[in-house]
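Visitor: Everything below, folded, please.
(one chain, ligands or ions: 2)
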Amino acid sequence: MPAWSGDPHRHRGRVCHVTQEGVDGQPRTRPLGTGPSPESRPVSYGRDVAGRLPQRWIVLLPLKRLGAAKSRLEHADRALLALAMATDTATAVAAAGTDVVAGVLVVTNDPAASAAVEAGAGAHGGAPVLAVPDLPDRGLNPALRHGARLAAGRWPGHGVAAMSADLAALRPGELRAALLAAPRSGRAVLADAAGTGTVLLCAAPGSELAPRFGVDSHARHLRSGAVDLTGALGAGVPGLRRDVDTVADLAAARLLGVGPATSAVLGTAAANAG
Ligand SMILES: Nc1nc2c(ncn2[C@@H]2O[C@H](COP(=O)(O)OP(=O)(O)OP(=O)(O)O)[C@@H](O)[C@H]2O)c(=O)[nH]1
Ligand SMILES: C=C(OP(=O)(O)O)C(=O)O
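Guide: Residues are numbered from 1 along each chain as shown. Ligands and ions are numbered 1, 2, ... in the order given. Now for the predicted structure:
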C-alpha cells in the first residue's frame, strides 16, 4: 500500500525528477495529517552524476518571540502553533540527511522556544539543532545576517540556507530536493505558494546570504542576483512552499499533512472546542 495513502500529494512522485538517489527511497510510513515522524529516514547517501558529494548546508530558522509571532493567524492557540510549527519545521529540516544538512540554527530571542525546539527537533536525530540568540533584535533580515555570520564562522565551507520557521507541512525529502537543486556558487531562491514571498534562500560558500525577506521578497531576491529554483521545483515541493501566516494557509497545510507537533496542538484545540 502506498505509504501516503489518502494524501493526493504523495502519489505523484513529485520530488523524483529533481533529486539524486535517496528521495525516492524515502520511507513514507505516516498516515495523512501526522507529518514527519521520528522513524522517517528520508535519505540515502550518494554522489551526483559528476561523482561529487553534495554541498552541505547550515539551515537558519528565524523565530520571533512567541508572544509576538503569527500576528496574522487568527487562532486562539497562536503562540502554541508558532512554536509547534517551528518544531515541525526544524524536525523536518534536521531529517533531510546529514550529507546535505549539517546543522540547523534556530535564531530566536525566546528562551522557552529555544529550549522547546532544540529538545523537540533534537529528539528525532539527524542533523544537530541549536538555538542561538537573535543578538541584533532588529527584525528578520538582521537576525538572518547574524545567523549567517555565525554559521560561516563556525562551519566554513558550508552553504547557508534561510527558511521560514512556519512550514508545518514540510517533508524532509522536499528540502533535500531543493538543496540538491541549489547551485554550488552564488545564491538561489524558492518562492512561497503564493509566488511572491520566499520560503528558502540559499547562499553557497563564498557568497553572502544578503537576505531581503519582507513584502515581495521573491522578486527582491531575484533582483539581487539569486537564481530562481521555483520553476524547477514547482509543485513538487508543496510542503516546502506552504508557509503558514493565516487560517487559510493553515487549512492548506493541513490538507498536505502537518507535522506531529502542529497536529497535536490542533487536536487539543479541536477537543477543547468540542
Ligand atoms: N529571530 C527573528 N525571527 C523573526 C523576526 N521576524 C520574523 N521572524 C521569523 O521569520 C519568519 C517569517 O516571519 P513573519 O512572517 O515576518 O512573521 P510571523 O511571526 O511568522 O507572522 P506575522 O506576525 O503575521 O507577520 C517566521 O519564522 C518568524 O518567526 C525577528 O525579528 N527575529
Ligand atoms: C517574510 C516573508 O514572508 P511572510 O511575511 O509571508 O511570512 C517573505 O516571504 O519574505
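
Visitor: can you tell if the top helix by length along the chain touches ligand 2?
Guide: Longest helix in the chain, counting residues (DSSP state H): helix 78-94. No - judged by C-beta under 6 Å from any ligand atom, helix 78-94 stays clear of ligand 2, getting no closer than 11.3 Å. (C-beta placed from N, C-alpha, C; glycine too.)

Visitor: just the CA coordinates of that helix, formatted as PDB?
Guide: Extracted as PDB, the C-alpha positions of helix 78-94 are listed here (Å, rounded to 0.1, in the frame of the first residue of the first chain):
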ATOM      1  CA  ARG A  78      -1.500  31.300  18.100                       C
ATOM      2  CA  ALA A  79       1.700  31.200  20.200                       C
ATOM      3  CA  LEU A  80       1.400  27.400  20.700                       C
ATOM      4  CA  LEU A  81       1.000  27.000  17.000                       C
ATOM      5  CA  ALA A  82       4.000  29.200  16.200                       C
ATOM      6  CA  LEU A  83       6.100  27.000  18.500                       C
ATOM      7  CA  ALA A  84       4.700  23.800  17.100                       C
ATOM      8  CA  MET A  85       5.200  24.800  13.500                       C
ATOM      9  CA  ALA A  86       8.800  25.800  14.300                       C
ATOM     10  CA  THR A  87       9.400  22.500  16.000                       C
ATOM     11  CA  ASP A  88       7.900  20.600  13.000                       C
ATOM     12  CA  THR A  89      10.000  22.700  10.600                       C
ATOM     13  CA  ALA A  90      13.200  22.100  12.500                       C
ATOM     14  CA  THR A  91      12.400  18.400  12.800                       C
ATOM     15  CA  ALA A  92      11.900  18.000   9.000                       C
ATOM     16  CA  VAL A  93      15.000  20.100   8.200                       C
ATOM     17  CA  ALA A  94      17.200  18.000  10.600                       C
END
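
Visitor: Give me the contact list for the next helix-or-strand element following that helix.
Guide: Using DSSP states H and E, the helix or strand that directly follows helix 78-94 along the chain is strand 101-108. The contact list for strand 101-108 (C-beta atoms under 8 Å, 6 or more residues apart in numbering) reads 56-65, 86, 90, 93-94, 113-114, 117-118, 121, 126-134, 143-144, 146-147, 150-151, 155, 158, 165, 175-176, 179.

Visitor: isn't residue 151 right up against residue 57?
Guide: No - the criterion here is C-beta atoms under 8 Å, and residue 151 misses it with residue 57 at 9.1 Å.

Visitor: which residues do those two both contact?
Guide: Shared contacts of residue 151 and residue 57, defined by C-beta under 8 Å, 6+ apart, are found at 158, 160.

Visitor: List, one by one, the residues from this protein near ligand 1.
Guide: Residues of the chain lying close to ligand 1 by C-beta under 6 Å from any ligand atom are 62-64, 69-72, 107-108, 134, 139-140, 143, 164-166, 245.

Visitor: Would you mind naming what in the chain lies close to ligand 2?
Guide: Neighbours of ligand 2 within the chain, by C-beta under 6 Å from any ligand atom: 164, 192, 197-198, 213-214, 217, 243, 245.

Visitor: how about 8 Å then?
Guide: Taking C-beta under 8 Å from any ligand atom as the contact definition, the chain meets ligand 2 at 140, 164, 166, 192, 194, 196-199, 212-218, 243, 245.

Visitor: So which of those sit within helices?
Guide: Within these, residues falling in helices by DSSP H are 140, 217-218.

Visitor: Closest one of those to residue 260?
Guide: The closest of those to residue 260 turns out to be residue 140 (C-beta to C-beta; 26.3 Å).

Visitor: tally of neighbours for that closest one?
Guide: For residue 140, the neighbour count with other C-beta atoms under 10 Å is 18.

Visitor: Kindly report the same for residue 58.
Guide: Neighbours of residue 58 under the rule other C-beta under 10 Å: 23.

Visitor: strand partners of whichever strand or helix holds it, parallel vs antiparallel please.
Guide: With secondary structure defined by DSSP H and E, residue 58 is part of strand 57-63. Strand pairing for strand 57-63, using DSSP bridges, gives strand 101-108 (parallel), strand 159-163 (parallel).
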